[in-house]
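>>> Output the structure for:
(chains A and B)
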Amino acid sequence: DVKVTQSSRYLVKRTGEKVFLECVQDMDHENMFWYRQDPGLGLRLIYFSYDVKMKEKGDIPEGYSVSREKKERFSLILESASTNQTSMYLCASSLVPGADTEAFFGQGTRLTVV
Amino acid sequence: RKEVEQDPGPFNVPEGATVAFNCTYSNSASQSFFWYRQDCRKEPKLLMSVYSSGNEDGRFTAQLNRASQYISLLIRDSKLSDSATYLCVICTGNQFYFGTGTSLTVIP
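Modelled structure (predicted):
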C-alpha cells in the first residue's frame, strides 16, 4: 500500500516560533508538493520539488521555506509562524507527470498558530 | 483567470438521485485529469481518472471534453456514503491544479 506520511496530525504553535512539518513517501516518487487548504480557497501550492535538493516556488511561498535532502523526505519550514498561517497543510507526491500520474496525499497537518 | 474553476455547491440531494458536477480548466495543454474525493478533515483521495472516451466505475461516470475544456462527474443512485467534497484536479506540466471542491450531501 502506497504511503505518504506527515509527521503530525495536529500542531499548536506560538507566534514567532519556527515550525517544521515533515513528509515522507515510500513510493520512490520524484515529485513532492506542499499545499495549504483553507475554506473557500481550496488547495494552494506553497512549494514543490522535482528532485533531491531542487525546489520551486508555488503560488504562496512567502513565509515558508522547504528542504529536500533525500528523495523520500520533503520538509516545510515556517520561519516565524504567524496567525495567518493557521491552516491545514497537505503534502503530496507523484511520479513525473504523464498520462495517469496521480498525486498521493499525506493525512494532513492541522496547524494552529496562537 | 484561474487554472481550474469549480462550482462549490453545496449540492443537497436525496438518496437515489443522480447528481453531476462540472469543472472547467484554462490551459489547453493540460495532460491528465482526475476527480478526487475528500471527506471532512481527511486528505483528498483519488476517485477516478478522466479520459476523453469517458470512463465508468460502478455508479460513477467521468467525462473529458477537450474542445470545451471541461471535465464532469456523474453520480447515479446516490448513497449516504457519497456525502463528501469532490475535487477536480488537472495536471499541467509538472504541477497539479485543484478546483476549490464541490460539497455534496446526500439526504436520507
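>>> per-residue confidence at residue 38?
Here I'm looking at chain A. What the model reports as pLDDT for A:D38 is 93.
>>> other chain: chain B
96.
>>> in stretch A:74-82, what counts as buried?
A:F74, A:S75, A:L76, A:L78, A:A81 (16 or more other Cβ atoms under 10 Å in any protein chain shown). (Glycine included, C-beta is placed from N, CA and C.)
>>> who touches the last one in this structure?
It refers to A:A81. Counting by Cβ atoms under 8 Å, 6 or more residues apart in numbering or on different chains, A:A81 touches A:K13, A:R14, A:T15, A:G16, A:E17, A:K18, A:V19, A:L111, A:V113.
>>> Not counting its neighbours along the chain, what's nearest the fifth one?
Counting by Cβ to Cβ, 6 or more residues apart in numbering or on different chains, the nearest residue to A:E17 once its immediate chain neighbours are dropped is A:A81, at 5.0 Å.
>>> in the sheet, who's paired with the residue nearest to the spatial centre of chain A?
Nearest to the geometric centre of chain A sits A:W34, at 2.6 Å (Cα atoms, centre = their mean). Here A:W34 sits in beta bridges with A:Y47, A:C91, going by DSSP bridges.
>>> which residues sit in contact with it?
A:21, A:23, A:45-48, A:58, A:64, A:66, A:74, A:76, A:89-91.
>>> top of these by neighbour count?
A:F74 (30 neighbours; other Cβ atoms under 10 Å in any protein chain shown).
>>> host element of the closest residue to that residue other than its chain neighbours?
Counting by Cβ to Cβ, 6+ apart, A:M32 is the residue found nearest to A:F74 once chain neighbours are left out, at 3.9 Å. Secondary structure assignment for A:M32, by DSSP states H and E: strand A:31-38.
>>> Buried residues in that strand, which are they?
A:N31, A:M32, A:F33, A:W34, A:Y35, A:R36, A:Q37.
>>> do the same with stretch A:17-30
Buried-residue list, stretch A:17-30, by 16+ other Cβ under 10 Å: A:V19, A:L21, A:E22, A:C23, A:V24, A:Q25, A:H29, A:E30.
>>> what's the spacing between B:S78 and B:Q63?
According to Cβ to Cβ, to the nearest Å, B:S78 and B:Q63 sit 18 Å apart.
>>> Now for the nearest residue to B:F11 once chain neighbours are set aside: which residues touch it?
Closest residue in space to B:F11, ignoring its immediate chain neighbours: B:L104 at 4.9 Å, by Cβ to Cβ, 6+ apart. Counting by Cβ under 8 Å, 6+ apart, B:L104 touches B:9-11, B:13, B:19, B:21, B:75, B:78, B:82-86.
>>> Buried only: go through the residues you listed for me.
B:G9, B:F11, B:V13, B:V19, B:F21, B:I75, B:S78, B:D82, B:S83, B:A84, B:T85, B:Y86.
>>> quick one, what contacts residue 4?
Unless you meant another one, I'm taking chain A. By Cβ under 8 Å, 6+ apart, the neighbours of A:V4 are A:C23, A:V24, A:Q25, A:M27, A:C91, A:A92, A:S93, A:F104, A:F105, A:G106.
>>> Please refer instead to chain B.
Contact analysis of B:V4 by Cβ under 8 Å, 6+ apart lists B:C23, B:T24, B:Y25, B:S26, B:C88, B:V89, B:I90, B:Y97, B:F98, B:G99.
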